[in-house]
Structure formats: structure tokens, C-alpha cells
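Colleague: Can you look at this prediction? I've put the sequence above it.
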Amino acid sequence: MSYEAFDHLEVRCPQLGGEVSFGYCRKLGEGMPCPKALDCWYFKFPVEKYFRLVLEEATFERIFLAPPVSRVERLLNTVSEAQERLKDQS
Amino acid sequence: MAQKKVFLGEEFLPKQWYNLNADFPSPMPPPLNPGTGEPPDPGFVEHMGNIFPMNLVEQEMTPERWIDIPEEVLGVYKIWRPTPLYRADGLEKLLDAPVKIYFKNEGVSPPGSHKPNTAVAQAYYNKAFGIERITTETGAGQWGSALAFACQLFDIECMVYMVKVSFMQKPYRRLMMMTWGSNCVPSPTDTTEAGRKVLAADPDSPGSLGIAISEAVEMALARDDTRYSLGSVLNHVLLHQTVIGQEAKLQFDALGEYPDVVIGCAGGGSNFAGLAFPFVADKIAGKEVQIIAAEPLSCPTMTKGPYAYDFGDNNQMTPLLPMHTLGHDFVPAPIHAGGLRYHGMAPMVSHGVNIGLIEPRAYDQIATFEAGVNFARCEGFISAPETNHAIAAVIDAANQAKEEGKEKTILFNWSGHGLVDLAAYDDYISNKLTRYELPEEEIDRALRALEGLPKLG
């Protein structure tokens, strides 16, 4: 029980095109939930209530209530981050 | 007996791609810099040019209505194009509605989906730009396998970062990629800084699409002879898919008909756009045609956009209500001046929705599999799970026509077969796709147990 109580439940992930467990979705991003987790899990159990109990309020807001970033914008962001990493390496 | 299918000769293969951007009645909002929220030009071109060949960046931004398809691309398209248009008369009989139903069969391509329409074009343009290696990410492998197929034909090395959880679960598309000679690796890997950072924190990380994208982009930036490739969302990707709708229009001309309703499933938007955009052009020019984009009810982006959440469950009397909600105390964020932006959806499709040219509809997963199984039993073809959303929308439109007593002709994009997705059908057939898996008391008990635990973040 506790954090792992719902980990065994599964849904089809629209990004991956296959079944994934809640245990995967709740710690997808460096140990933090996928920002789409509320959208994908609301019909399985009260997932919003779960994350409000589990996460600090500021973390909940940062992950779930931030304005959406489009795929193109996210791609540009990924390019910038990768350039920084490569610069650090050299 | 009604004609079952319409084939076009190779001479009718479209010679140009169609760019809807040239015909939108109002311009698309530009992409924004994630850091500042301002349009990123001129950095946009530079950023894009770092990861894509410049000939594709030019296509991404072109205002031209028609783009010539290179002979080399047409030569490869001829392996499976033009694709047949089928009459779904078996489904019509089942529905007993006053409708004719047609579908464009994109499952006849070697990888089994619409994806190679752009994979082939992208491989060609990379080769023409002098690129020797392409990197990409893939989830279930539909895009990765299409790109692997295309790169092999143009003698380009292909490096696919497949999210590890899918890599382990889905061997068949991985094997397709390897058969076509590409290097498919489970992400995160130790070949990139992004991957190494994740593995250092969690050596058993199952990966994510975000990590796989980071790895593919980093690898593309690291070498001058390498570029990155994306299979959806971007304008040039949607452009390449428009051969589908152009062929469909010729096939309808041959039948002497025109559809009243055009339907596609929309995840990133590319297969939907491929069929629908040539018809959206007609709609802009004054033709009466209804254009429907079908998406999953779980994870809806267009029907329940980020600023349009429902507040129906104020009393929380029905916590498992099948309704999209961020809760009764959710405060909407301010709307971008450029209009709504949908997570993961192609900007051109988002724009079409925002200005009322495209109607989004959401369908429950169980209903989509029910639709897919009915379709398979009537028409024989087993659809990709995503394609089943389009079939659910077709059934919806047919039932609506029945209620209204109107005769309608419906066209949809059968975007791919589901022969390597049969595990999902197994889940449906064996009743594993139930909506409520836990009794309410068990949920309450689990949530109560969380109340005393330290909060994360």
C-alpha cells in the first residue's frame, strides 16, 4: 500500500501506443509524474486526489497546472538543452 | 452489386503535396519560445536547421500552396500508392443507416501504415542535403519502422531510440526495424549525455518518450552528417501526407460522388491531416463538408483542451465519473493570445479546430475496440488501435444520419493495420479494458493510507 497502491493498474498510453502501469506514469519524469497523468487516469480512480495527497502543492501546480507547451515548442526547448549538454561536454 | 473498391493507376499518383497553410482564412499563430513566451524568430530557423536539413526547414515554413514531389520519392511511393478506396458495405449493412461508407486503405504500405508517406520524403530530402545518418525516437515502433524502411531505400543509416518499456514489450516492430537494417536501441542508452544522466539516477529506468527524443536530438546535434526526424506534428510532415486526400478526391470523382463527412483519428494529427486537408481546402472554398478529428476520451486534447476542463463533479459524489476533470478547485491559466494550443497536436490541426473548420470528437477506448472488432467482422481488416477511433466516429456519424433521416456519404482514413497490436485486442476480448478496476472501498482505503505520508517534490 501507500505510494504504490495503484501501481498495478494499466491504461493504454497515447504517446507510446501500448499498455503502461500507473507505477510507470507516476514517476516518469525524473521521479515525478507524467504531466498527462491526470488526463489518462481520471477514469480509473480519483487520480487528482491521489496526487494532491502525494505531492507538495507547488509541485502539483508545476506539473499539472502549468500552461501547455506545444510539441514544436518542446522540441525547440529540447534542442537548446541538448546544445547546452554538448557544450558542457566539450 | 455496389463497386467494392476503386483503384487508381500509377499515372494518377499526385505529383504535388498540398499545403493548407496557404489557404487558411486567418494565419496560424507562430510557435513560441518556451522560455519567454514570445515568437522565437529568427532563432526558429537556426534551431530547426540544427536538427533538420534546410530543405525540410524551408518546407516547414513555406507559404506555397503546392510543392512538387521529387521523382525519386514518387518512384518509392509507387511500391504501394495510389492506395485503394474501399466501400465498407459490410459495415453499412450492420449499421442499417442511410449512409455510404468509404475508407482509404493506408495499411497496404510495407510497414502497414500511413507513416512512410513522410518517412520516404524525409529520407530523400536528408539524402539530397548530404546527410548520411538520421536519428529518431519511437514509442510502439510504428514511426521507427516506417523510417527504417525509408532509410534503407535511400541508403541512409537510421538510428532509432525506442522507449525501453516498449522495446521490451513490443518485439515485432523492433524486428521490422532491424530487418530493414536500422539500429534500434532501448532508450535510455549510455551513448548520449541525456541517457547517461538518467541511467546514473536510475539504472533500471524504463525510459520515456521525452528521454528518447532528448537522446535522438542530442545525437543529431553531435555530428554534422546526422539529422533528426519526426513523424508527426510538424507542417512538412502533414504536407507529405496529403497524397492520401488528393487520391481520395480522384477516386470520388471516378465514382461521381463527394463525401458529406470526412473522418480521421488524430493523435499527433498527421494521418488525419493527410486525408482531411485537401477536403478542408474545399470547405474553405465554400463546399459543404463536415470534417471530424477523432481522439481518445482518455487523454483528450482537442475536445477537452487544457483551458476547457469540465467542472461537472463539484460535489465529488461520483469520483469515477467518466468525465475529464482537473477537479472542482482548478483555476484556468490565462489563454495564449495565439489561441488554444493542444498538447501533442499538430499546430495546423489545432488552428483548424480553433477557427471552426475541424470538429474534434472524443471516443472511449472500449467503444473504439468494439467498433474495430465490428469492422473486422464486417470488412475483414483488423485495424490499428488508433484507427479504431476513426471507425467509432464513423459509426457515430452513421447513427446521427439515421436519427436525422438524412442520406450521407462518409469517408474515413483507415490509417493502418493492427496485426502487430493484437495484444491490445486480447485485452479487449478478455474484458481487461474495464473502466473500473478497483472497488470504491479499496480506493478509499488506499487514499486514506496516503494522508500521513510525507509529500514529494
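Modeller: Perfect, I can see it now. Bear in mind the structure is a predicted one, so any value in this text is a computation, not a measurement.
Colleague: Show me which residues of the helix or strand harbouring residue B:442 are buried.
Modeller: Using DSSP states H and E, residue B:442 sits in helix B:440-450. By 16 or more other CB atoms under 10 Å in any protein chain shown, the buried positions in helix B:440-450 come out as B:443, B:446-447, B:450. Where you see a C-beta, it was placed from the backbone N, CA and C, and this is true even at glycine.
Colleague: Of these, which ones also sit close to chain A?
Modeller: Contacts with chain A are made by B:443, B:446-447, B:450 out of those, judged by CB under 8 Å from any CB of the partner chain.
Colleague: touching chain A at all, the longest helix seen in chain B?
Modeller: Counting residues, the longest helix found in chain B (DSSP state H) is helix B:387-404. No - using CB under 8 Å from any CB, helix B:387-404 stays clear of chain A, coming no nearer than 10.1 Å.
Colleague: Determine the set of other helices and strands touching that helix.
Modeller: Contacting helix B:387-404 under the criterion 3 or more CB pairs under 8 Å, 6 or more residues apart in numbering or on different chains; DSSP states H and E are the following elements: helix B:89-95, strand B:99-105, strand B:261-265, strand B:290-296, strand B:359-363, helix B:365-379, strand B:408-414.
Colleague: Format the CA atom coordinates belonging to the first one as CSV.
Modeller: Looking back up the chat, that one is helix B:89-95. What follows is helix B:89-95, C-alpha atoms only, in CSV (Å, rounded to 0.1, in the frame of the first residue of the first chain):
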residue,chain,number,x,y,z
ASP,B,89,-20.7,-2.1,-47.4
GLY,B,90,-20.5,-4.8,-44.7
LEU,B,91,-20.4,-2.1,-42.1
GLU,B,92,-23.2,-0.2,-43.8
LYS,B,93,-25.4,-3.4,-43.5
LEU,B,94,-24.6,-3.8,-39.9
LEU,B,95,-25.4,-0.2,-39.1
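Colleague: Now do the same contact list for residue 51.
Modeller: This is for chain A. If you count contacts by CB atoms under 8 Å, 6 or more residues apart in numbering or on different chains, residue A:51 has them with A:26, A:33, A:37-38, A:60, A:64.
Colleague: Wait, chain B was what I had in mind.
Modeller: Neighbour list for residue B:51: A:75, A:79, B:217, B:220-221, B:227-228 [criterion: CB under 8 Å, 6+ apart].
Colleague: quick one on the thing from earlier: which parts of the longest helix of chain B are buried?
Modeller: Per 16+ other CB under 10 Å, helix B:387-404 contains these buried residues: B:387-398, B:401.
Colleague: Would you mind writing the CA trace of the helix holding residue B:442 as PDB?
Modeller: Only the C-alpha atoms of helix B:440-450 are listed here, as PDB (Å, rounded to 0.1, in the frame of the first residue of the first chain):
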ATOM      1  CA  GLU B 440     -14.700   2.100  -4.300                       C
ATOM      2  CA  GLU B 441     -13.900   0.900  -0.800                       C
ATOM      3  CA  GLU B 442     -10.500  -0.200  -1.900                       C
ATOM      4  CA  ILE B 443      -9.800   3.100  -3.500                       C
ATOM      5  CA  ASP B 444     -10.900   5.000  -0.400                       C
ATOM      6  CA  ARG B 445      -8.700   2.800   1.800                       C
ATOM      7  CA  ALA B 446      -5.700   3.300  -0.400                       C
ATOM      8  CA  LEU B 447      -6.200   7.100  -0.500                       C
ATOM      9  CA  ARG B 448      -6.600   7.300   3.300                       C
ATOM     10  CA  ALA B 449      -3.300   5.500   3.700                       C
ATOM     11  CA  LEU B 450      -1.600   8.200   1.800                       C
END
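Colleague: just how off-centre is it within its chain?
Modeller: 37 Å (CA atoms, centre = their mean, to the nearest Å).
Colleague: Report the contact partners of the residue in chain A that chain B sits nearest to.
Modeller: Nearest to chain B in chain A, going by CB to the nearest CB, is residue A:59, at a distance of 2.7 Å. Going by CB under 8 Å, 6+ apart, residue A:59 touches A:32, B:455-457.
Colleague: can you rerun that using 6 Å?
Modeller: residue B:457 (CB atoms under 6 Å, 6 or more residues apart in numbering or on different chains).
Colleague: Report the buried residues of the helix or strand in which it is found.
Modeller: Assigned by DSSP H and E, residue A:59 falls within helix A:57-64. Neighbour-count burial for helix A:57-64, counted by 16+ other CB under 10 Å, picks out A:59-60, A:63-64.
Colleague: Point out the residues in chain A that sit beside chain B.
Modeller: A:1-2, A:5, A:9, A:14-18, A:28, A:36, A:39-40, A:43, A:45-46, A:48-49, A:53-56, A:59, A:67-73, A:76-79, A:82, A:85-86, A:89 (CB under 6 Å from any CB of the partner chain).
Colleague: Quick one: mark the members of the residues you listed that sit in strands.
Modeller: residue A:18 (DSSP state E).
Colleague: if I look at residue B:101, how far off is chain A?
Modeller: 25 Å (CB to the nearest CB, to the nearest Å).
Colleague: Nearest residue to that residue in space, please, no chain neighbours.
Modeller: Closest residue to residue B:101 apart from its sequence neighbours, by CB to CB, 6 or more residues apart in numbering or on different chains: residue B:88 at 4.1 Å.
Colleague: Model confidence for the one you found, exactly?
Modeller: pLDDT recorded at residue B:88 is 98.
Colleague: tell me the mean pLDDT over the lengthiest helix in chain A?
Modeller: Counting residues, the longest helix found in chain A (DSSP H) is helix A:71-89. Mean pLDDT, computed over helix A:71-89, is 87.
Colleague: buried sites along that helix?
Modeller: Buried, per 16+ other CB under 10 Å, within helix A:71-89: A:71-76, A:78-80, A:82-83, A:85.
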